[in-house]
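Q: Using only what follows, build the 3D model:
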Amino acid sequence: QVQLAESGGGLVQAGGSLRLSCAASGRTFSTYNVGWFRQAPGKEREFVAAIRWGGGSTSYADSVKGRFTISRDNAKITVYLQMNSLKPEDTALYYCAATSRYPLTTPESYAYWGQGTQVTVSS
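A: Below is the predicted model of the structure:
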């Protein structure tokens, strides 16, 4: 069993940065792949970024590639999402999720979810 808690969201101007954290509980967390998803009002939940359990392989949605960076610290059982050059269209509720399944780009693969943290980017 894995429990996840996101933090770090907030209100930022376009062009600014935020770093989201996903803190996990559970001794087996280091064996799970972790993804970040986001959901804006009236839209479906969409993939943002993912990192494999070993930390050596990452993937990103085209819309955030080059601006967002996902990383993990297994010693701290935390996964981070560094978001730079934020745009108003990045405004959404951001979720982290954990899974031992694939593919990592679809929410249906994930068994464990956090409650989400709100990111709002003003123009």
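Q: can you pull the contacts of Glu46?
A: Phe37, Arg38, Gln39, Ala61 (Cβ atoms under 8 Å, 6 or more residues apart in numbering). Using the backbone N, CA and C atoms, a C-beta is placed for each residue, glycine as well.
Q: What of Pro88?
A: Here Pro88 is in contact with Ala14, Val121, Ser122, Ser123 (Cβ under 8 Å, 6+ apart).
Q: now, the most widely separated pair of the residues you listed?
A: Val121 and Ser123 (7.6 Å; Cβ to Cβ).
Q: residues shared between the contacts of those two?
A: Ala14, Pro88.
Q: what residue is smack in the middle of this protein?
A: Trp36 (2.3 Å; Cα atoms, centre = their mean).
Q: Could you find the closest non-adjacent residue to that residue?
A: Val48 (4.3 Å; Cβ to Cβ, 6 or more residues apart in numbering).
Q: Where does that neighbour sit, in terms of helix or strand?
A: Element membership for Val48, per DSSP states H and E: strand 46-51.
Q: Quickly run through the sheet partners of that strand, with directions.
A: strand 33-39 (antiparallel), strand 58-60 (antiparallel) (DSSP bridges).
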